[in-house]
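>>> I'd like to go over a predicted model; first the sequence, then the structure.
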Amino acid sequence: MRQVKTRHNVRRFDEDVRRSGSYSYTADRLSCRLANGRISSGILAALPMAGKSVLDLGCGDGTYSLELAAAGAASVLGVDAAPAAVESATQRAAERGLQGLASFQYGDINDLRLPHRFDCVVLRGVLHHLPDPAAAIISAARWSDTVLILEPNGLNPALKIIERLSRYHRAHEERSFLPRTLRRWCREAGFSSIQTRFINLVPMFCPDWLARPLAAVGPALELVPLARAFCCGQIVVLAQKQAG
């Protein structure tokens with residue numbers, strides 16, 4: 001098996017899977033369930049997956065890839081640089097009877113060897129873990145004219161503090177980018193239509209007493225332009241080479 005060049009965080013994610021069977025943020029914790037639920041619905045609202053062939057780059061333990069398959073995707077191929085995560089994702093697909101729709105393989109985002117192009121490429125929470133995020137978008141653009149990106153919102157000041165203070169965030173090299181930076185990388189990759197939206201108010205690892213009220217007020221806050229830009233935790237970017 002060809003060795004993939006990775007940052008330190010890939011080893012940490014692999015350790016998470018070997019220790020608990022999943023990534024920490026896909027575990028059964030209230031704040032993670034609420035945050036992931038809103039993020040997943042935001043992704044599907046930005047780009048419905050029904051009938052599409054999907055390439056899920058940085059698929060991790062496969063949790064989100066299987067959501068895309070369950071949402072009606074014609075096929076999902078997940079690729080990740082963490083071997084234990086790929087093994088876990090393959091096992092999850094088999095356990096849920098989705099192995100005919102979703103498959104997984106070990107690989108380097110910047111050096112992909114794939115059999116065909118796809119209707120869309122998904123990069124969910126991946127770019128900020130890579131040494132060269134702009135190069136990863138260029139690589140994704142080789143495999144589809146449509147790329148959907150989900151990243152932490154670099155305009156959120158609370159998120160910047162969490163990145164500095166949280167043990168988990170430091171250990172997993174979590175960081176966030178400004179929306180204008182993501183848009184610039186997409187333009188440099190050849191995309192002409194770039195839509196962005198801010199979603200989700202619930203931090204992944206916040207206490208239950210805080211997660212519930214944040215989830216309750218989140219939908220209303222997402223309707224307020226200035227508030228959503230600085231308070232939401234994630235940004236969704238839909239980049240297309242031609243307007244869809």
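That came through fine. Numbering: from 1, shown residues only.
>>> what helix or strand is residue 148 on?
strand 146-152 (DSSP states H and E).
>>> ok, and what's touching that strand?
Strand 146-152 is contacted by residues 39, 42-43, 46-47, 119-125, 127-128, 137, 140-141, 159, 174-177, 182, 186, 189, 191, 233-241, 244 when judged by C-beta atoms under 8 Å, 6 or more residues apart in numbering. C-beta coordinates here come from the backbone N, C-alpha and C atoms, glycine included.
>>> okay, now the sheet partners of it, with direction.
If you go by DSSP bridges, strand 146-152 pairs up with strand 120-124 (parallel), strand 234-240 (antiparallel).
>>> list the buried residues for the helix or strand encompassing residue 216?
Using DSSP H and E, residue 216 maps to helix 208-221. Using 16 or more other C-beta atoms under 10 Å as the test for burial, helix 208-221 gives 211, 214-215, 218.
>>> show me what the helix or strand following it is packed up against.
In the C-terminal direction, the helix or strand that comes right after helix 208-221 (DSSP H and E) is helix 225-231. Helix 225-231 sits against helix 208-221, with contacts defined as 3 or more C-beta pairs under 8 Å, 6 or more residues apart in numbering; DSSP states H and E.
>>> list of residues touching the helix it packs on?
30-31, 34-35, 38, 200-203, 206, 227-228, 231-232.
>>> what's the offset of the helix ranked longest in the chain from the middle of its chain?
The residue-count maximum for a helix in the chain (DSSP state H) belongs to helix 30-46. Distance of helix 30-46 from the chain centroid (C-alpha atoms, centre = their mean, to the nearest Å) equals 11 Å.
>>> and that helix with strand 120-124, angle?
160 degrees (axes from the mean of the first three to the mean of the last three C-alpha atoms, to 10 degrees).
>>> quick one: the helices in this protein, in order.
Using DSSP H, helices in the chain cover 8-20, 30-46, 63-70, 83-95, 133-141, 157-165, 167-171, 179-188, 208-221, 225-231.
>>> lowest-confidence stretch among those?
Lowest mean pLDDT within the helices of the chain: helix 8-20, at a mean of 64.
>>> relative to residue 164, how far out is residue 181?
Distance, residue 181 to residue 164, by C-beta to C-beta, to the nearest Å: 19 Å.
>>> again, but for residue 30
With C-beta to C-beta as the criterion, residue 30 and residue 164 are 24 Å apart.
>>> center of the protein - which residue?
By C-alpha atoms, centre = their mean, the chain has its centre lying nearest to residue 124, at 1.2 Å.
>>> circling back to that earlier point, and among the strands paired with strand 146-152, the most buried is which?
strand 120-124 (a mean of 25; mean count of other C-beta atoms under 10 Å).
>>> give the rounded mean pLDDT of that one.
In this model, strand 120-124 has an average pLDDT of 98.
>>> may I have stretch 49-60 exported as PDB, CA atoms only?
Provided in PDB are the C-alpha atoms of stretch 49-60 (Å, rounded to 0.1, in the frame of the first residue of the first chain):
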ATOM      1  CA  MET A  49     -27.700  14.300  -3.300                       C
ATOM      2  CA  ALA A  50     -30.600  12.300  -4.800                       C
ATOM      3  CA  GLY A  51     -29.300  10.300  -7.900                       C
ATOM      4  CA  LYS A  52     -25.800  11.800  -7.800                       C
ATOM      5  CA  SER A  53     -22.500  10.000  -7.800                       C
ATOM      6  CA  VAL A  54     -20.600  11.500  -4.900                       C
ATOM      7  CA  LEU A  55     -16.900  11.500  -4.100                       C
ATOM      8  CA  ASP A  56     -16.500  12.200  -0.300                       C
ATOM      9  CA  LEU A  57     -12.900  13.300   0.200                       C
ATOM     10  CA  GLY A  58     -11.600  13.000   3.800                       C
ATOM     11  CA  CYS A  59     -14.500  10.700   4.600                       C
ATOM     12  CA  GLY A  60     -13.100   9.800   8.000                       C
END
